[in-house]
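Trainee: quick one, structure for this:
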Amino acid sequence: SSDLAQAGMGLRCLGGNSNDLLGLAFSIGIPRNNSLREEKVLETFYRWQMSAHTQLSAGAQAIFDPSNAPTAGTIGVFYGRVRIVF
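Mentor: The predicted structure follows:
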């Protein structure tokens, strides 16, 4: 278990569609177990509104001092997601 703080912001309309969204976020996890490191995450993503019911997102995360990988300094994660609402 740990304490978690998060902050983020988004900017709409960059792609011309009012539902497109560019996001940036930061979080820090402070474990209650003193033997684990404080994990920090910086994330950015872009979400395209492809149609009235479909969204496509692509993003990247940089995870600094990951608690579950004590020998790693920084880990990069890239992702893609399709969301269909019906």
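
Trainee: residue nearest the centroid of the protein?
Mentor: Glu43 (3.9 Å; Cα atoms, centre = their mean).

Trainee: who touches it in this structure?
Mentor: Gly8, Gly23, Leu24, Ala25, Phe26, Ser27, Gly59, Ala60, Gln61, Ala62 (Cβ atoms under 8 Å, 6 or more residues apart in numbering). Yep, even glycine has a C-beta here, placed from its N, CA and C like the rest.

Trainee: again, but for Ile63
Mentor: With contact taken as Cβ under 8 Å, 6+ apart, Ile63 is in contact with Glu39, Lys40, Val41, Thr74, Ile75, Gly76, Val77.

Trainee: okay, and which of these map to strands?
Mentor: Glu39, Lys40, Val41, Thr74, Ile75, Gly76, Val77 (DSSP state E).

Trainee: of those residues, closest to Asn68?
Mentor: Asn68 has its nearest neighbour among the ones in strands among the contacts of Ile63 in Glu39, at 8.3 Å by Cβ to Cβ.
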